[in-house]
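Novice: have a look at this prediction, sequence included:
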Amino acid sequence: MKKLILILICLLPMFSISAQNQQPIRKGFSIGASVGLGVLHFTQGGGDANTGADLSLPNLKLGWMINEKIGVFLNAPGQIYREKGRDRSFEGLIPAVQYWPANAWWISGGAGLGMDFPAFYDVENIEDKAFNFGKGVLLSAGYEVIQGKKWAMDVQAGLFMSSVHLDEGQRDGASFTLALGFNFY
């Protein structure tokens, strides 16, 4: 996955030639996805490993542009980590407001549901009691490095903090991610 991200970054100049000086038309329905790397740190209930770096998935967003500068989105930030030999996902479903103070630069923030459960590809039994829920907060910012008429590619950073309820207590953590995003307006 790290090689894929490196290849995409190397291809950015080629994409930018076809999208130079175009400002995106942000209106109506919008969808976005990003992939990157993140550092996850548990302040409580993290088990053996309190800090780790890994793939940042799923990082999806779906929403509606109110006007060219303001959008309302449902974000799904996520960070993969390992616990007891299994991959787990530290995720959220966060309603947020995204604002563009400048043409290519955006900031976003919101609060919602925090989740901690087996990674979707590692679920052995849907009735597994390892599905945990709580509350979460997401703050993020990005810069659109390439803009098309109805799409944009951005470099983004995000801070997702969550506190989820476990059978054995509480799990509090924070994930900082750097990612490459693709957005369609």
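Specialist: Received it, and whenever you're ready, just let me know what you need.
Novice: and stretch 34-54, end to end?
Specialist: 14 Å (Cα to Cα, to the nearest Å).
Novice: now that stretch: average pLDDT?
Specialist: What stretch 34-54 shows for mean pLDDT is 84.
Novice: of all the residues in the strand or helix carrying Phe117, which ones are buried?
Specialist: Using DSSP states H and E, Phe117 falls within strand 105-118. The neighbour-count check on strand 105-118 (16 or more other Cβ atoms under 10 Å) flags Trp106, Ser108, Gly109, Gly110, Gly112, Leu113, Gly114, Met115, Asp116, Phe117, Pro118 as buried. All C-beta spots, glycine's among them, are computed from the backbone N, C-alpha and C.
Novice: ok, so of these, who is nearest Tyr81?
Specialist: When the buried residues of strand 105-118 are ranked by distance to Tyr81 (Cβ to Cβ), Asp116 comes first, at 9.3 Å.
Novice: find the least confident helix or strand in the protein, judged by mean pLDDT.
Specialist: When each helix and strand of the chain is scored by mean pLDDT, DSSP states H and E, helix 2-18 comes last, with a mean of 51.
Novice: beyond it, next helix or strand please.
Specialist: Taking DSSP H and E, what comes next after helix 2-18 is strand 28-44.
Novice: low-confidence ranges in the chain?
Specialist: 1-22, 46-49, 125-129 (pLDDT under 70).
Novice: again, only using 80
Specialist: Regions of the chain meeting the criterion pLDDT under 80 cover residues 1-24, 45-49, 57-58, 120-130, 167-168.
Novice: still on that earlier bit, report the two of the buried residues of strand 105-118 separated the most.
Specialist: Most distant of the buried residues of strand 105-118, by Cβ to Cβ, are Trp106 and Pro118, 32.2 Å apart.
Novice: what's the angle from the strand holding Phe117 to strand 28-44?
Specialist: Relative orientation of strand 105-118 versus strand 28-44 (axes from the mean of the first three to the mean of the last three Cα atoms, to 10 degrees): 60 degrees.
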